[in-house]
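[1] give me a model of this one.
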Amino acid sequence: MGNVLGERLREARERRGWRPEDVAVALRRSASAIVAYEHGSRVPRADVLAQLAQVLGVSADWLLGLDAYSSPYVRAAQTRLEQRHQEGS
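    Here you go, the predicted model:
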């Protein structure tokens, strides 16, 4: 298994069109720390992980690879689609 946290952190950051420096400013961290999280050479503390998720608009579970959906809204939409599909079958 690769660096799921780093890959998803980068994905969420890029979706917003942000650079590591932008995330760093939002979290009052260094850009090198953000890059280190993305590369897997550092792991954020739990409080920093929660801040990253909040700033990037995703769930911490998604960042950690524990959830396939980036937010509760995406999960709810997928559930509704699956229910509609089952009703139509």
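
[2] so which residues of the chain form helices?
    With helices called from DSSP state H, the chain shows them at 4-15, 20-27, 31-39, 46-56, 60-64, 72-88.

[3] separation between the residue nearest to Asp61 when sequence neighbours are not counted and Ser59?
    Spatial nearest neighbour of Asp61, chain neighbours left out: Asp67 (3.9 Å); criterion: CB to CB, 6 or more residues apart in numbering. Placement of C-beta: from N, CA and C, glycine included. Counting by CB to CB, to the nearest Å, the gap between Asp67 and Ser59 amounts to 6 Å.

[4] comparing these two, which residue is more hemmed in?
    Ser59 (19 against 16; other CB atoms under 10 Å).

[5] quick check: mean pLDDT of stretch 28-36?
    Per-region confidence: stretch 28-36 scores 97 on mean pLDDT.

[6] now that stretch: buried residues?
    The neighbour-count check on stretch 28-36 (16 or more other CB atoms under 10 Å) flags 29, 33-36 as buried.

[7] and of those, the nearest to Arg19?
    Checking the buried residues of stretch 28-36 against Arg19 with CB to CB, the nearest one is Ile34 at 9.1 Å.

[8] circling back: including distance to Glu7, could the buried residues of stretch 28-36 go into JSON lines?
    Below are the buried residues of stretch 28-36 laid out as JSON lines (distance: CB to CB, whole Å):
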{"residue": "Arg29", "distance to Glu7": "19"}
{"residue": "Ala33", "distance to Glu7": "17"}
{"residue": "Ile34", "distance to Glu7": "14"}
{"residue": "Val35", "distance to Glu7": "13"}
{"residue": "Ala36", "distance to Glu7": "14"}
